[in-house]
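Student: Here you go, sequence then predicted model.
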Amino acid sequence: IGKWQDEAEAKALIDKIWTDWRAFASYAFNKSHAVCYAWVAYQTGYLKAHYPAEFMCAQISSEIGNFDKLPGFVAEAQEMDLELKLPDVNESGSRFVPTPDAKGIRYGLGGIKGVGELAAEAIVAERKKGGPYTGFLDFCLRLAGTPACNKRVLENLVRTGSFSTLEPNRAKLFVNIEYAVKKCQQKAKDSASLQCNFFDLMAGGEEKASDDELADAPPFAPAEDLKNERDLLGVYVSGHPLQACRRVIAECATFKTAQLNDEAAVDELLKAQPVDKWKKKSNPHLKDERGLKHLDVRLVGILSACTVKLPKPRPDGTVGQKWAILQIDDGTVLDAFCFAKAWEKFGPRVEPCVDKLVMLCGEVSHRVNYEKDDKFDKKNPTVGDLNFTVKEAYPLEDALAVLSKGLRIRLKYEDPELTAKVGRIRDAIAKSPGTLPVFLSLVYASGETVEVDLGPTARVAVTVSFLSELAKIVPQTDTAFEPEAKVYLAPPEPKPWER
């Protein structure tokens, strides 16, 4: 403005520019963008409604390799009645593709951790060129010298079930990877030296390979297959480890994580509980009793993740105590808070239990919230969301050793397969030795029941693998753990006001 001789003229010009811009902004930017976004929203909505499998394949492929977002996409696809299928070297593309009936989604080979786009594209290109792969060795020999035929890629393809239509036993292929790689290296060496076998010449040139020459091996445990899928695909595909754990969770848990989503029902349970004196003392101005009460409950599920936290240094430079967030999955995933005192006592036992069954004992309560300026004086508190605070944490096998007198398995005495089933039960126990006694409840045709203790050598650790094996032998409804009703296993500590 100072450069203008007439200050009034300068101000008038600036005011005009500003007025013109404001008028322009009222329609130019937002309306043009609104039209574009509306058009894109219409297109994507139409595609999602009329071509759901194709739409979800494109959406998931746009985030291929992003395991943080994949579970959300899979859950959305399942809500649309689309089934996610395992990757398959004869059906998968390098990216996610619809199944031929458009009712499912085939996992893309490029989305498998450690495989990558180059190897995936080589697999698909060779399949288009030479037809479907007829076996594991046929796959390896045809792709010799490409990014798809190295040890790491083959291991990850096998562990994710990408050869299941050719050989369902993943362990068998896994133990033969070294042999297959050596065979490929020999082929590459022969090709480089222009050597060929006399019998190959008689057969037409190309070496034919049969999987009959592969060494056999016992299959992986179902729980291990599922763990491999989650580690390398980001989600469970062929099943879920909780499928075999429904009975033990139903019997041993006094509360389900999904109940936290029904705040009204939890509040009804809280009404019957006494006011927590310590919470009352910590929140003297809180009038809403929901924030002053808690439920003592047991949660049972698979520990999906354990994140140890270290608080910020105190003003005097000292470091606070570690605490942790325990992610438990009992069909619904919940982040449970295990603060310093409980973590110091139970952390060493539960931290190694990721992907294993655990029991968390603690309190369900409402969070009490304060504005920043009110935290010191504890004024104007409000009742917040429900959460779960861990007081005790155990591997489930350790908790059952305290809460249960033993596992009871119900069998019909007249069952023609009784002897075979008992043998399989003993084999499953031998693979998962522990401390919990096992009893057989033999039911006769008359209705009489005789209980048989399998003896001191038949003590089991209740793990996901054991329950998966047991579920193949008897229905889960024919098993019982009958745990005690108490919530906490450790002796109660005196409250601060009782000391």
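Tutor: Arrived safely, thanks for sending.
Student: From here on, just use CA atoms for contacts and neighbour counts.
Tutor: Fine.
Student: Could you tell me which helix of the chain is the longest one?
Tutor: helix 28-50 (DSSP state H).
Student: what pLDDT does the residue nearest to Leu47 when sequence neighbours are not counted get?
Tutor: Leaving aside its chain neighbours, Leu47 sits nearest to Phe55 (6.1 Å; criterion: CA to CA, 6 or more residues apart in numbering). pLDDT recorded at Phe55 is 94.
Student: One more: Asp296?
Tutor: 95.
Student: again with the one 3 residues further on
Tutor: The predicted local confidence for Leu299 comes out at a pLDDT of 96.
Student: ok so it is a strand residue?
Tutor: Yes - according to DSSP: H, G, I helix; E, B strand; the rest coil, Leu299 belongs to a strand.
Student: before we move on, back to that, any idea how many residues pack against the residue nearest to Leu47?
Tutor: Neighbour count of Phe55, defined by other CA atoms under 10 Å: 20.
Student: Then it would be within a helix, right?
Tutor: Yes - under three-state DSSP, Phe55 sits within a helix.
Student: Surely it is in contact with Gln43?
Tutor: No - in this structure Phe55 lies outside contact range of Gln43 using CA atoms under 8 Å: 10.8 Å.
Student: any residues in contact with both of the two?
Tutor: Here Phe55 and Gln43 share no contacting residue, scored by CA atoms under 8 Å, 6 or more residues apart in numbering.
Student: Enumerate every residue touching the residue nearest to Leu47.
Tutor: 44, 47-48 are the contacts of Phe55 under CA under 8 Å, 6+ apart.
Student: Next, please give the residue ranges for the helices of the stretch 201-350 of the chain.
Tutor: 222-233, 246-252, 263-271, 277-282, 340-350 (DSSP state H, counting those that start in this stretch).
Student: need the ones you listed in CSV with distance to Glu484 and mean pLDDT, can you?
Tutor: What follows is these, written out as CSV (distance: least, CA to CA, whole Å; pLDDT from 0 to 100):
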stretch, distance to Glu484, mean pLDDT
helix 222-233, 28, 88
helix 246-252, 8, 93
helix 263-271, 21, 91
helix 277-282, 27, 84
helix 340-350, 21, 93
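Student: can you tell me which of those helices comes nearest to Tyr27?
Tutor: Proximity to Tyr27, assessed across these by CA to CA, is greatest for helix 263-271 (43.9 Å).
Student: Need the residues that contact that closest one.
Tutor: 259-260, 290, 293-295, 386.
Student: Which among those residues count as buried?
Tutor: 260, 290, 293-295, 386 (16 or more other CA atoms under 10 Å).
Student: hmm, which two among those are most spread apart?
Tutor: Leu260 and Lys293 (15.0 Å).
Student: And the longest helix of the chain, what does it pack against?
Tutor: The helices and strands touching helix 28-50, judged by 3 or more CA pairs under 8 Å, 6 or more residues apart in numbering; DSSP states H and E, are helix 52-61.
Student: Tell me the buried residues in the helix it packs on?
Tutor: 52-58, 60-61.
Student: Can you tell me which of these is closest to Trp343?
Tutor: The nearest member of those to Trp343, counting by CA to CA, is Ile60 at 37.7 Å.
Student: With that, I have no additional questions.
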